Structures are given as C-alpha cells and as structure tokens.
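J.: Below: sequence and its predicted model.
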Amino acid sequence: MSKKRKFAFAAALTGAAAAALTAGMYIRQEAAKRKPFEIEEMTISGIQKALKLGQITSKDLVQMYLDRIEQFDKNGPKLNAVLELNPDALHEAESCDVRRSVTPDVGPLFGIPVIVKDNINTSGNMHTTAGSIALANHKSVEDAFVVKKLKQAGAIIIGKANLTEFANFMTEGMPNGYSSLGGQVLNPYGASFDVGGSSSGTAAAVAANLATVGIGTETSGSIICPAAYNSVVGIKPTVGVASRSGIVPIAHSQDTAGPIARTVQDAVILLNAMTGMDEDDEETIWSQGDVEKDYTIYLKRGELKNARLGIDRRYLDSVSDEKATIINQALDLMRDKGAVIVDPAIIPSTDTLEERESSVMIQEFSYDLNQYLEKLPNEVPVHSISELIDFNKEHPDKALKYGQTRLEKAEKLSGDLGNRQYLADRAEDLRLSRKEGIDAVMKSRKLDALIFADYQGSDIAAKAGYPSITIPAGYTRDGEPIGITFVGLAFSEPRLIALAYSFEQATQHRKKPELL
C-alpha cells in the first residue's frame with residue numbers, strides 16, 4: 001500500500017472513530033436528557049455528573065432552585081429562609097455554561113449555587129444587612145474573603161440567607177431565626193420546631209433543597225445549632241482556618257465562617273474552597289501551617305474502628321429523654337463499628353465555665369461592630385453602635401420587637417481591648433476551655449474527639465477556638481431532627497471529618513423534609 005493510501009486509510013479510521021465518539025456522546029447526552037433530573041437531595045458530585053453529561057446546565061440548575069424558593073420559601077410553608085436573591089444568578093450561570101463548553105475540566109464547585117448568610121459581605125447587586133432594617137440599603141463595595149474564594153472556585157451565589165438579627169447578639173430573648181428585616185425563619189421539618197440560630201436561614205434553605213450548599217457563621221453555636229436542628233451537616237472550623245474579614249462581627253476571638261450542607265462530603269468540598277491566607281485576617285496567616293490543602297482525602301469509611309470517643313453526660317441533661325435515647329443508640333452503633341466509648345469523660349472546667357460570666361464577647365462586640373459600621377458607605381444611615389441604637393428607637397415598631405439590650409450594653413463600653421478586666425477574662429476563658437477543659441480530658445483519656453448532642457458543648461469549643469462538626473443522628477417520634485456533634489483540639493478537622501463521614505456512611509440518617 002502506498003504512503004498516500006496508508007495516510008488516507010488512517011485518516012478515514014480517525015474520522016470514523018471521531019464520528020463514533022461524537023455519536024456515542026450524543027446518545028449518552030440524549031439519554032441523560034430523557035431521564036428527569038431530580039434536584040432534591042442532589043449532591044455536588046451528582047450535579048457535576050449531570051452537568052458533564054449534558055443532562056442539565058448551570059442555568060437550568062439555578063432556575064430549579066429559584067422555582068423551589070418561590071414554591072416553598074415565598075409560598076407554601078413560607079420558610080422565609082432566603083432574604084434576597086441574586087438578580088444576576090441566571091446570567092452568571094449562563095457564563096458558567098459557556099466556559100464549561102470551552103474548558104470542561106472545572107473544579108467541583110464550578111456552576112454550583114451557594115446561599116450565603118446575610119452577615120457576609122457580597123459586592124454587586126446584593127445587600128449585606130445582618131437582618132437589620134438599619135442596614136437594608138447597604139451594598140458592600142467588596143466581597144468578604146470567603147465569598148471571593150467561592151467565586152474563584154466558580155460557585156454561583158444564588159442569594160443571601162435570613163438569620164437571627166446581628167447573629168443573635170442584638171438583644172436577649174430574640175427567637176432563633178428572627179430579624180427585623182426578614183421576619184421569622186421556619187424549620188422545614190415543622191413550624192413548631194426550633195429552627196436554631198443564628199445561621200437559621202442557611203441551614204433551613206439547605207435542608208429544604210433551596211440551594212446546593214451554604215455558608216454560615218459562628219461565634220458560639222451559630223452553625224452547629226441550626227445545622228443540628230435542620231438535619232444537615234455543619235462544620236465550625238478552628239478559628240483561623242477560614243477568614244473573618246468582610247463579615248459583620250460579634251467577637252473576633254471566636255468568630256468564624258463555616259460550611260452547611262446535606263452531606264459531609266459536600267461540606268468538606270465547600271470547606272476546601274473557603275480556606276486560604278487572607279492578609280486582612282492575621283489569624284489565617286498564623287494558621288497556614290496547620291490548614292490542610294485538601295480535606296477531602298479524609299473522607300474515609302471505617303474510621304470509627306479503634307477511635308476513642310468521650311462523652312460528658314452532664315451535657316445530656318438539657319435535652320429530652322427521647323433525644324438522649326437517640327444519642328445512646330448512636331453510641332451503641334459506634335461501639336459496634338469498633339469505637340471505644342469513654343463514658344463518662346468528664347470535662348473538668350464545665351461547672352466553672354457555666355457559672356462565670358465573661359466580658360470577652362460583649363467587649364469585643366463593642367469594638368468590632370463599631371469598626372465595621374464606621375466603614376459603611378455614606379448612604380447607610382448608621383456608622384456606629386450609638387447611631388444604630390438611635391435608628392432603632394426611631395423605628396420601634398419594626399426594629400425593636402425584642403429590644404436591643406446587648407447593643408445598649410455594648411454602647412456603654414469603651415471598646416478598649418487593653419481593658420484589664422477584658423484581658424483577664426480572655427485569659428480565663430482560654431485556661432478553662434483549653435488547658436483545664438477540652439485539652440485536659442482529651443489528653444488524659446487519649447481521646448480522638450468529644451461527643452455532644454445537638455449544639456451542647458458549643459460554648460466551650462467556641463471559647464477555645466476549636467473545631468466542631470455536627471451531622472444528623474435521627475428524629476423524634478414527632479419528626480424533630482437531632483444532630484450528633486464531634487469536637488476536637490485545634491486543627492483536628494481531618495480526624496473529625498473522618499469520624500463524621502464514617503458515622504454518616506454507617507447510618508444514613510438524613511431524610512428530606514416533607515414540604516407541603
């Protein structure tokens with residue numbers, strides 16, 4: 001055969017192969033299109049597979065979530081979890097679809113709709129209000145660092161989530177999930193159930209499949225509590241793993257952002273995207289050597305075997321007998337999977353911590369919130385705590401349904417972080433939460449983690465700046481969710497992720513809420 005004929009024959013084969021490949025792709029895509037795409041309980045990996053097969057587009061995906069928000073958040077049960085929608089979400093989704101057609105090798109969050117708690121700055125056409133009518137017209141000129149990271153990963157911010165106003169630090173007695181701007185968030189598992197706070201809207205929206213995943217914030221229980229109450233996964237990272245810049249603050253020594261998702265894997269994918277060194281947050285600079293580049297490598301089954309897990313049963317006193325029974329059943333399952341349950345594992349400082357009153361949060365709130373407010377644009381009517389208090393007094397029917405006792409208390413403080421009482425209280429908080437608290441019991445009993453029901457234990461973990469992960473543990477006879485929470489030492493996210501994932505895979509407790 002001549003060289004010319006060989007070349008022609010090879011070219012024909014190549015062309016035939018290409019045609020066959022194209023035809024095969026077309027057949028798979030057409031088959032995928034014929035199979036309806038079910039958005040409920042869909043994971044990030046499941047969505048990416050559907051996008052790759054051409055079963056849906058990112059624009060389709062965003063529209064599906066927008067339709068569900070209209071159906072269940074604004075109508076039907078009226079969950080009231082979404083405070084504001086991103087008017088550019090569909091346009092951003094179209095851009096993702098174009099880029100995917102050119103560069104199909106994209107990251108796991110590319111084109112994925114994420115809902116963000118409305119105390120986290122988002123630039124563009126969305127507001128950042130902390131749920132306050134005083135900040136209703138505030139449009140940030142710059143994204144918070146964690147939002148920048150999400151956008152770099154290709155995520156689509158579908159909207160802002162309602163929350164307990166000013167992250168539940170405006171006043172005493174405000175219900176979880178209430179804000180003067182957004183009203184009351186409802187638990188998708190039942191309006192009579194506590195929705196938890198302060199990341200109420202994020203947790204309720206993710207639980208109700210109004211977004212794929214979401215971002216919350218925590219100072220003391222504000223991710224773990226609503227995640228547990230809405231039967232989703234919440235990760236409160238070690239302080240310094242995720243940046244705090246661009247977030248309406250409470251107390252910088254305890255504040256952190258964190259992921260909320262329906263599965264451990266999705267929460268970890270989101271955590272990966274959030275981490276990074278931020279020059280505007282010194283904690284992230286100091287912590288870089290302890291932050292993993294990829295937390296997904298710790299998503300391993302069977303990690304409960306030989307794990308030493310401790311429980312201090314005093315923390316079960318505040319939950320119902322039925323919930324305590326569910327936690328005991330979870331402990332039995334862990335034993336069956338090879339875990340060693342250290343029971344009791346007494347946290348030495350618990351009683352002392354519960355009895356004392358620390359000035360740390362209110363002192364830092366006075367300083368940090370004033371710092372945030374004074375940088376707001378001129379069109380926002382308040383630029384200090386004093387102005388915020390006055391604004392609320394001028395609009396009492398809307399702004400002061402539950403008062404503003406903490407704002408008034410913070411206004412009276414100097415905001416001086418060199419204050420002797422503040423420094424003494426901060427040192428005492430660290431001593432009792434770390435050295436004589438979590439560190440003491442975990443090191444003496446050689447524990448991998450401590451176990452709590454729901455958000456119990458959040459306070460001591462928050463004071464220490466230590467990580468927590470909560471996952472669904474079951475439901476009461478009435479259908480109320482309960483979570484089980486793993487707490488560890490600083491930067492022990494890898495071990496906590498492995499334990500939480502193993503428990504999740506062994507139980508598969510989560511079930512979607514029945515929305516009517």
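T.: Structure received. Numbers count the residues shown, from 1 in each chain.

J.: for stretch 310-325, how far is the first residue from the last?
T.: End-to-end distance for stretch 310-325: 17 Å, by CA to CA, to the nearest Å.

J.: Please state the offset of it from the chain centre?
T.: When C-alpha coordinates are averaged (CA atoms, centre = their mean, to the nearest Å), stretch 310-325 and its chain have centres 24 Å apart.

J.: neighbouring contacts of it?
T.: With CB atoms under 8 Å, 6 or more residues apart in numbering as the contact definition, stretch 310-325 has outside contacts at 327, 331, 341-347, 350, 441-442, 445, 447, 449-454, 456-457, 476-477, 482. (C-beta placed from N, C-alpha, C; glycine too.)

J.: one more time with 7 Å
T.: If you take CB atoms under 7 Å, 6 or more residues apart in numbering as the criterion, stretch 310-325 is touched by 327, 331, 341-347, 350, 441, 445, 447, 450-454, 456-457, 476-477, 482.

J.: again with stretch 408-418
T.: Residues from elsewhere that reach stretch 408-418 (CB under 7 Å, 6+ apart): Ile362, Gln363, Phe365, Ser366, Tyr367, Leu369, Asn370, Ile385, Ser386, Ile389.

J.: Save these as TSV, and put in pLDDT, neighbour count and secondary structure too.
T.: What follows is the contacts of stretch 408-418, written out as TSV (pLDDT from 0 to 100; neighbours: other CB atoms under 10 Å; DSSP: H, G, I helix; E, B strand; the rest coil):
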residue	pLDDT	neighbour count	secondary structure
Ile362	97	19	helix
Gln363	97	24	helix
Phe365	98	26	helix
Ser366	98	26	helix
Tyr367	97	21	helix
Leu369	98	23	helix
Asn370	98	21	helix
Ile385	98	25	helix
Ser386	98	15	helix
Ile389	98	19	helix
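
J.: Out of those residues, which two sit at the greatest distance?
T.: Spanning the widest gap among the contacts of stretch 408-418 are Gln363 and Ile389, at 17.4 Å by CB to CB.

J.: is Ala261 in a bridge, and if so with what?
T.: Taking DSSP bridges, one finds Val233 as the beta-bridge partners of Ala261.

J.: Got a quick PyMOL command for the buried subset of the contacts of stretch 310-325?
T.: In PyMOL syntax, the buried subset of the contacts of stretch 310-325 is picked out as below (16 or more other CB atoms under 10 Å):
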select buried, resi 327+331+341+342+345+346+347+350+441+445+447+450+451+452+453+454+456+457+482
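
J.: Keep only those of the contacts of stretch 310-325 that are in helices.
T.: Secondary structure from DSSP state H places Ile327, Leu331, Thr350, Val441 of the contacts of stretch 310-325 in helices.

J.: In this model Thr476 seems to touch the first one, though I could be wrong.
T.: No: counting by CB atoms under 7 Å, Thr476 is not a contact partner of Ile327; they are 11.9 Å apart.

J.: Kindly reformat the ones in helices among the contacts of stretch 310-325 as TSV containing distance to Lys412 and pLDDT.
T.: Supplementary listing: those in TSV, determined by distance: CB to CB, whole Å; pLDDT from 0 to 100:
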residue	distance to Lys412	pLDDT
Ile327	41	98
Leu331	46	98
Thr350	31	96
Val441	37	98
